[in-house]
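Visitor: The amino acid sequence is not available; the structure is as follows:
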C-alpha cells in the first residue's frame, strides 16, 4: 500500500512538481495573464510560437525566436517577463 500512497501524493501535489527548467512564484491562476497575450507579444517580436503551456508555475514556450533558433523559454504568467532557466544540461 505504501507505493500507492506515494503515487497518490505525487499526483495530488501542487504545481511545484515541475518537469521544466524554471519555476515561478506566480500565485493563483486567476491573477495570470492569458497565454494568448504572451503568444501575440512574442509573435510581434518575430517569434514563431509552436506551443505555450504551464510548467512550474511559469508559461513554457516552444518556439523559433526572431533569429530562427529553436527555443524553450519560460515567462512569468503575471508579468510576462522572461524567467531565467536552471541549465543543468551543460555539456
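Guide: Looks like it came in fine. Note that the structure is a prediction, hence the values are computed from the model and not measured.

Visitor: Which secondary structure element is home to the residue most central in space within the chain?
Guide: Taking Cα atoms, centre = their mean, the centroid of the chain lies closest to residue 60, which sits 2.6 Å from it. In the assignment (DSSP states H and E), residue 60 maps to strand 58-64.

Visitor: which residues sit against that strand?
Guide: 20, 22-24, 26, 35, 38-39, 42, 47-54, 70-77, 80, 83 (Cβ atoms under 8 Å, 6 or more residues apart in numbering). For every residue, glycine as well, the C-beta is placed using N, CA and C.

Visitor: Tell me what the residue nearest to the centre of the chain is bridged to.
Guide: residue 53, residue 74 (DSSP bridges).

Visitor: got a pLDDT number for it?
Guide: Reported pLDDT at residue 60 in the predicted model: 96.

Visitor: sorry, back to before: of all the residues in the strand holding residue 60, which ones are buried?
Guide: For strand 58-64, the neighbour count (16 or more other Cβ atoms under 10 Å) marks 58, 59, 60, 61, 63 as buried.

Visitor: Please tell me how far the residue nearest to the centre of the chain sits from residue 54.
Guide: Using Cβ to Cβ, to the nearest Å, we find residue 60 at a distance of 7 Å from residue 54.

Visitor: now swap in residue 83 and tell me
Guide: Residue 83 is 13 Å from residue 54, where distance means Cβ to Cβ.

Visitor: More neighbours: the two, which one.
Guide: residue 83 (21 against 17; other Cβ atoms under 10 Å).

Visitor: I figured that one hits residue 72, correct?
Guide: No. With contact defined as Cβ atoms under 8 Å, residue 83 does not reach residue 72; the gap is 11.7 Å.

Visitor: Least confident secondary structure element in the chain?
Guide: Confidence across the helices and strands of the chain bottoms out at helix 2-11, with a mean of 46, counting by mean pLDDT, DSSP states H and E.

Visitor: returning to what we had before: want to throw the buried residues of strand 58-64 into TSV with distance to residue 30?
Guide: Listed next are these as TSV, based on distance: Cβ to Cβ, whole Å:
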residue	distance to residue 30
58	17
59	15
60	20
61	21
63	26
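
Visitor: Out of the residues you listed, name the two that are farthest from one another.
Guide: Maximum pairwise distance among these (Cβ to Cβ): 14.5 Å, between 58 and 63.
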